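Enquirer: next one to model:
(chains A and B, ligands or ions: 3)
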Amino acid sequence: MYFQYAVLHVCMHMQHARSYAAVYHLLQGKKSIQTLQDAKLFQVGEMYGIYKSLNMQAFYQQLHQMEADGFVKNTLSDMKVIQITEQGRQWYQSWQHRDFIRLLHGIDYDRKERIFSLRLLLLIQTLTNSCMGYMSFIPVVDDEATANWVRNFYLQTKNRQSQVLAQIHNDLLLPLKKLPDEFAAMFVDRLTGYQSYGQSIPQLAEKYGLTYHDVKVLLTAITHFIIHQLHFRQEDFKVLPLLLKHPEKQHTTLTNTANYTYQLYNQGYDLKEIARIRKLKINTIYDHIVEICLSDPTFPIDQFVKQHDQQLIQQAIAQTSPLKLKTIKDKIGDDISYFQIRLVLAKYETV
Amino acid sequence: MVITQDLEKKLYDYFHIPSFRKGQKEIIHDVLQGKDVLGVLPTGSGKSICYQLPAMLLRGITIVVSPLIALMIDQVKKLKANHFKRVVAINSFLNYKQKQRVYQQLPYYKLIYVSPEMLQQSSFIDKLSKLDISLFVIDEAHCISQWGYEFRPDYMRLGETIQKIGNPPVLALSATATEEVQADIMQVLRRPTMVKHLYPIDKPNLVFKMEEVDTQADKLQRIIELLHAIDGPTLVYFSSRQLAESIAHDISLRTGKRTAAYHGGLEQIDRISIQQQFMHRQLDVVCCTSAFGMGIDKSDIRLIIHYHLPSDIKSYIQEAGRAGRDGQSSLCVLLYAQHDEQLLYQLAETEIPADQVIEQAICLLQNWQMQGQSFSRENFIHLLDLSESQWHFMQNQLEKHGMMEEGNINMQMNRENAALAIKRYAKYRRDQKKRGVQEMLSIIHSKTCRRKNLYKHFQSNYTYVDPCCDRCGFSLTDLNLPKKHEVRDKELQWEQKLRQLLLVERNWVK
Ligand SMILES: Nc1ncnc2c1ncn2[C@@H]1O[C@H](COP(=O)(O)OP(=O)(O)OP(=O)(O)O)[C@@H](O)[C@H]1O
Ligand SMILES: [Mg+2]
Ligand SMILES: [Zn+2]
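Expert: Ligands and ions are numbered 1, 2, ... in the order given. This next block holds a predicted model:
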């Protein structure tokens, strides 16, 4: 019921004001101003992006089930404005495991959570196998950025691996001991070591009598809790804080001023008009657009740079190293502006 | 030039394998001579070595076309795990930056796996044509033929591709190529004089049993009985993800065997985990869809059960071919209940878009182009409500008819005709799938030897073996399989488990 509880928690805060779709976007971590604002406005930032891979069908399926169970209403009508039943409210206030919600820190650790878990999984697998003198293992994580990070870390600690493992052990023990045993056990079951591969989400669900969605939410919650501990009691930890260093570029939220530009842009103003309304230089607005593009990988740039020009720029980028704007521009010529190059860089060159 | 006598030594040096299996040395010998070779060897016989070893010995680069990205990645991982680093898989999963990096280093690699759709990109072909290519390999070459298992339209243009990259020698490999398919392969590759190395693909150590049961519930009952009778790693094949999951649950409850489900709906980490748990004997039974199969190389699978009818004979041979790769006796059981084929007929309908959807797709593209919108894969799939396989079908067809090129919409040509052609092809594919199912059914209903019926399309003769199949009088008691008594570790407390996993216990002892 952890997943249902998370859904209901968001519903409680957004009741009557938003539709169920807003709940979905929040849990899924949609990178839109609307959703980010909802997170602040309704004070549910901790729930932002806690279940990234949740798909819309599954969400509504669960929601209909919650309606059938008598917790919420109105999930099938067109408007779908959130409505909670008395029974739902009572369950929300009395469910015995409701405290788990406090482990979540969605908006703060939105991107860190993924990077941290992937690095931790692969690092433990690499170190344990290497300690056992076995380097031909099949890595559980096949994400390149993670693999590069782990490789570096591995090279730096090559001659003291067993100490590092012992330190990871201590680092993990500290926060895990503060959690209910079942949560800690689930977290440990997910880890892969030497000749011992971690449990899949459905396996964990089966073992702990939970649903797939419960496990997803719980694992995120546990990871958020661990990261939170690392942040606030840094001096107690030796290795794990390093996993949070040198993250891939992070742009979860926009600066306020870029945000305002984004709103105007979404209302249909073009860049020159926005500059006029805001009494800012056009170059500043360009900066905002680049910032928006960095923070939102799905932000379309075709209206600023024609597809064909995007290709030209990409080719020039590919031939340029180190990446200097001037060098790139010299390669392409005068028809293309610095703004356009920066946009293409922002769109395609983020890891 | 490598002297053939040295081949064993090279095999040992690179792969730590002491000797060749049937067919390998012959094929490798001819490949190293620069001949064009067509090799048909049974599943699990070691076809990969037939190009991996030459790749290390030849002067230039070896290109391998392989239909399944998962399979490709798996092979690259294995080679890297064996300290062979100059290998790479290039497919559409790589992002722009990763691709650029790989492209810049192309000449560094000795072995390059590519997905067939990459070979449709002319810029990529240009890059390949500048390389020194010593060998061009088509793995799972039956995909070339319309009559083959898993026909891939992308494979049809391989002949042209090979010419463009400078006509290197060709090696085509398959475990399921009928004579018809072999002819197609040579024709598409434009190599009418390939040297054929054909080996019988029936595996004498596999015993076949096809059982008709009354209800779906009976199937579960039979599975439980079989699992009690036969010890050893087991795969149960399903055509539905949900059933794979729910039966996995039932099996572990009722037999105590460690059972998990594997299907395309799992996240990537979980796919790797389940596969590796199975490889490392952390799991006894995997309930899977056909997503698990090609590429799974576990030597000691003893039992393959089909809960659902396989989609055709070639799929069945491929899936059953996961069993007994170590040469030991293994059992393949197919469970059939009346009307099972209906599910497959339905699947055939959902895998290939209906005529209406095809028309809508073309309208949508037309609109996007008129509004100057660029192509969005997500929106396309979402608006038309396409399944994954329907999307692949549409993507292929749109590209084939020039309506889409490298992700850009390009609708200037006669779209009415194209729509007709796509619909015709969709119907053809649906009919073809139905025929496949009917062939499978006719074997189930036939009163004669299973082995003979299964393999007669692939070879003129088959090895007489005993035990053979249920039609030749086999019963479960004939199968002489060792009973193993594994002592299972008892479940530890999480704190102990964490210590053990992180090898902290071990340090203590030291
Ligand atoms: N000569 C050999 N001796 C021992 N083992 C071998 C030999 N050649 C290959 N193998 C092993 O046999 C296994 C199966 O090889 P491979 O995956 O290449 O089979 P395949 O013919 O491609 O099968 P499939 O048709 O299922 O793709 C591998 O683990 C490989 O290492
Ligand atoms: Mg193979
Ligand atoms: Zn027989």
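Enquirer: residue B:19 sits in which helix or strand?
Expert: Of the helices and strands defined by DSSP states H and E, none includes residue B:19.
Enquirer: repeat for residue A:187
Expert: Secondary structure from DSSP H and E places residue A:187 in helix A:181-189.
Enquirer: can you give me the helices for the stretch 251-400 of chain B?
Expert: B:268-279, B:313-320, B:340-351, B:355-370, B:377-384, B:388-400 (DSSP state H, counting those that start in this stretch).
Enquirer: which of the ones you listed is buried the deepest?
Expert: Burial of the helices of the stretch 251-400 of chain B is given as mean neighbour count (mean count of other CB atoms under 10 Å in any protein chain shown); helix B:313-320 ranks first at a mean of 23. To be clear about C-beta, it is placed using only N, CA and C from the backbone, and glycine gets the same treatment.
Enquirer: ok, that helix near ligand 1 or not?
Expert: No: if you take CB under 6 Å from any ligand atom as the test, helix B:313-320 misses ligand 1, and the best it gets is 7.1 Å.
Enquirer: against which helices or strands is that helix packed?
Expert: Secondary-structure packing of helix B:313-320 (3 or more CB pairs under 8 Å, 6 or more residues apart in numbering or on different chains; DSSP states H and E): strand B:303-306, helix B:415-445, helix B:450-455.
Enquirer: for ligand 3, find the nearest of the ones you listed.
Expert: Taking CB to the ion, helix B:450-455 is the member of the helices and strands packed on helix B:313-320 nearest to ligand 3, at 4.5 Å.
Enquirer: the inter-axis angle of the helix or strand that that closest one is followed by versus helix A:181-189?
Expert: Downstream of helix B:450-455, the next assigned helix or strand under DSSP H and E is helix B:494-501. Helix B:494-501 and helix A:181-189 are oriented at 10 degrees to each other (axes from the mean of the first three to the mean of the last three CA atoms, to 10 degrees).
Enquirer: buried ones in helix B:494-501?
Expert: B:494, B:495, B:497, B:498, B:499, B:500, B:501 (16 or more other CB atoms under 10 Å in any protein chain shown).
Enquirer: residue B:402 against residue B:411, yeah?
Expert: No: in this structure, residue B:402 is not within contact of residue B:411 by CB atoms under 8 Å, at 9.1 Å.
Enquirer: between these two, which one's more packed in?
Expert: Per other CB atoms under 10 Å in any protein chain shown, whichever of residue B:402 and residue B:411 has more neighbours is residue B:411, with 19 against 12.
Enquirer: helix, strand or coil for the more buried one?
Expert: Judged by DSSP: H, G, I helix; E, B strand; the rest coil, the three-state class of residue B:411 is coil.
Enquirer: gap between the residue lying closest to it once chain neighbours are set aside and residue B:362?
Expert: In this structure, residue B:411 finds its nearest non-sequential neighbour in residue B:369, 5.0 Å apart by CB to CB, 6 or more residues apart in numbering or on different chains. Separation of residue B:369 from residue B:362 (CB to CB, to the nearest Å) stands at 11 Å.
Enquirer: what does residue B:415 give?
Expert: For residue B:415, the distance to residue B:362 equals 6 Å [CB to CB].
Enquirer: need the pLDDT of the nearest residue to residue B:418 once chain neighbours are set aside.
Expert: Leaving out its chain neighbours, the residue that sits closest to residue B:418 by CB to CB, 6+ apart is residue B:401, at 4.2 Å. Residue B:401 is assigned a pLDDT of 84 by the prediction.
Enquirer: what about residue A:334, how many neighbours?
Expert: Around residue A:334 there are 6 residues (other CB under 10 Å).
Enquirer: scratch that, residue A:60
Expert: Counted by other CB under 10 Å, the residues lying close to residue A:60 total 16.
Enquirer: with residue B:478 instead?
Expert: Applying other CB under 10 Å, we find 12 residues neighbouring residue B:478.
Enquirer: pretty sure it is touching residue B:469, no?
Expert: No: between residue B:478 and residue B:469 there is no contact under CB under 8 Å: 10.9 Å.
Enquirer: overlap in contacts of residue B:415 and residue B:362?
Expert: Counting by CB atoms under 8 Å, 6 or more residues apart in numbering or on different chains, the residues touching both residue B:415 and residue B:362 are residue B:403.
Enquirer: would you list the phi and psi of residue B:502?
Expert: Phi and psi for residue B:502, reported as degrees, to the nearest 10, are phi -90, psi 10.
Enquirer: and the pLDDT at it?
Expert: You'll see residue B:502 listed with a pLDDT of 96.
Enquirer: from what I can see it touches residue A:168, true?
Expert: Yes: shown here, residue B:502 and residue A:168 form a contact pair, counting by CB under 8 Å, at 6.1 Å.
Enquirer: who has more neighbours out of those two?
Expert: When residue B:502 and residue A:168 are compared for neighbours, residue B:502 comes out ahead with 28 against 23, by other CB under 10 Å.
Enquirer: and that one, what does it touch?
Expert: When contacts are counted by CB under 8 Å, 6+ apart, residue B:502 touches A:124, A:128, A:165, A:166, A:168, A:169, A:193.
Enquirer: just the closest of these to residue A:241, please.
Expert: Among the contacts of residue B:502, residue A:168 lies closest to residue A:241 (CB to CB), at 11.4 Å.
Enquirer: so which helix or strand takes in that closest one?
Expert: Element membership of residue A:168, judged by DSSP H and E, is helix A:161-177.
Enquirer: quick one: list the elements packing against that helix.
Expert: Packed next to helix A:161-177, using 3+ CB pairs under 8 Å, 6+ apart, are helix A:106-131, helix A:181-189, helix A:212-232, helix B:494-501, helix B:504-509.
Enquirer: what residues are up against residue B:388?
Expert: Residue B:388 makes contact with residue B:264, according to CB under 8 Å, 6+ apart.
Enquirer: state the distance from it to residue A:141.
Expert: Noted for residue B:388: a distance of 23 Å to residue A:141, by CB to CB.
Enquirer: coming back round to it: list the buried residues in the helix holding residue A:168.
Expert: By 16+ other CB under 10 Å, the buried positions in helix A:161-177 come out as A:161-162, A:164-176.
Enquirer: CSV for the helices and strands packed on helix B:313-320, including distance to residue B:42, mean neighbour count and mean pLDDT?
Expert: Shown next, in CSV, are these (distance: least, CB to CB, whole Å; neighbours: other CB atoms under 10 Å in any protein chain shown; pLDDT from 0 to 100):
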stretch, distance to residue B:42, mean neighbour count, mean pLDDT
strand B:303-306, 15, 24, 97
helix B:415-445, 19, 16, 91
helix B:450-455, 10, 21, 93
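Enquirer: JSON lines for those, including distance to ligand 3?
Expert: Converted to JSON lines, the helices and strands packed on helix B:313-320 look like this (distance: least, CB to the ion, whole Å):
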{"stretch": "strand B:303-306", "distance to ligand 3": "17"}
{"stretch": "helix B:415-445", "distance to ligand 3": "11"}
{"stretch": "helix B:450-455", "distance to ligand 3": "5"}
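Enquirer: present those as TSV; the columns should include distance to residue B:133.
Expert: Shown next, in TSV, are these (distance: least, CB to CB, whole Å):
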stretch	distance to residue B:133
strand B:303-306	38
helix B:415-445	32
helix B:450-455	35
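Enquirer: can you check which of those gets nearest to ligand 1?
Expert: Nearest to ligand 1, of all these, is strand B:303-306, at 12.8 Å by CB to the nearest ligand atom.
Enquirer: give me phi/psi at the residue of the stretch 51-200 of chain A found nearest ligand 3?
Expert: Ranked by CB to the ion, the top residue of the stretch 51-200 of chain A for proximity to ligand 3 is residue A:138, at 37.6 Å. Here is the backbone geometry of residue A:138 (degrees, to the nearest 10): phi -90, psi 110.
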